[in-house]
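# Fold the stuff below for me.
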Amino acid sequence: MTLRFSVLASGSTGNAFYIESDREKILVDAGLSGKQLDRLFGEIQVNPAELSCILVTHEHSDHIKGLGIFARKYNLPIYANENTWKAMENAIGTISLDQKFTFGTGEIETFRDIDVESFGVSHDAAEPMFFTFHHNRKKVALVTDLGYVSERIKKTVEDADAYIFEANHDVSMLRMGRYPWNVKRRILGDSGHVSNEDSGLALSDIISNRTKRIYLAHLSQDNNMKDLARMSVSNVLKERGIQLDIQDTDPKTATSLYEVV
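Sure thing, here's the model as predicted:
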């Protein structure tokens, strides 16, 4: 009885996360084309026809680009909160009523043997939320697309066995980069994205002795680099006496299925 997961894709161009137990297979977000999603599932040797459902975090296109196509192709139920449903309906095409389900922010839903807890985040979407997954006393936290990590979020996600955690940008690279100032201000703001350093600081508050692995997620293609993100987060953790296995994620290549033990 165990949890396994793969970050299928992560970054500003598209996001998808897969988690399974012995009895359940769940996709979170479908921010790539249906064809790309099929390829990514092939990389981890999982048949998407065996999925039980798709959970949606928010309506930005890098999280729902292939949602309608994928859900229709495999006849998958979609779970999202009411405001996200309203915000994304025009973008995902016709979804039959028997595939539409509401999963409210701050609620816990049980999918066979996985309990999924949703929590709200500060991001410029209708009602963005992310998830912690619980199974057989194991906990995995998925935390991206937020401007800052509040104390409420820290309480919800603390003491997990594994984290998929945002390290979106290096502040200096962003400030010096080619983005117009209004975009920079959005990213740096409270409803934007978490920087490498802030990611390290938040993680140092929430990880515990049971935490085995961290995946750094949603890296900006223009304002970050994998080595830089890993080094920045590592340095912050080391300053606090913490050394952990930190893994990269990629916008085009799935991470290997990781078993939470």
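# Next up, the contacts around residue 76.
27, 51-54, 70, 99 (C-beta atoms under 8 Å, 6 or more residues apart in numbering). To be clear about C-beta, it is placed using only N, CA and C from the backbone, and glycine gets the same treatment.
# helix, strand or coil for residue 109?
On the three-state scheme (DSSP: H, G, I helix; E, B strand; the rest coil), residue 109 is labelled strand.
# so how far is stretch 192-204 off the chain centroid?
In terms of C-alpha atoms, centre = their mean, to the nearest Å, the centre of stretch 192-204 is set 15 Å apart from its chain centre.
# Need the CA coordinates for that stretch. CSV is fine.
As requested, the backbone C-alpha atoms of stretch 192-204 are provided in CSV (Å, rounded to 0.1, in the frame of the first residue of the first chain):
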residue,chain,number,x,y,z
GLY,A,192,2.1,36.1,-8.5
HIS,A,193,4.8,33.4,-8.1
VAL,A,194,7.2,32.4,-5.4
SER,A,195,10.9,33.1,-5.9
ASN,A,196,13.8,30.6,-5.3
GLU,A,197,14.8,32.2,-2.1
ASP,A,198,11.2,32.5,-0.7
SER,A,199,10.7,28.9,-1.7
GLY,A,200,13.7,27.9,0.4
LEU,A,201,12.5,29.9,3.3
ALA,A,202,9.0,28.5,3.2
LEU,A,203,10.3,24.9,2.9
SER,A,204,12.6,25.4,5.9
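# Show me the contact partners of that stretch.
So stretch 192-204 is contacted by 123-124, 144-149, 154, 163, 165-171, 174, 186-188, 214, 216, 218, 220, 224, 228-229, 232-237, 240, 242 (C-beta under 8 Å, 6+ apart).
# Mind doing that once more with 7 Å?
Applying C-beta atoms under 7 Å, 6 or more residues apart in numbering, the contact partners of stretch 192-204 are 145-149, 154, 163, 165-171, 186-187, 214, 218, 224, 228-229, 232-233, 236-237, 240, 242.
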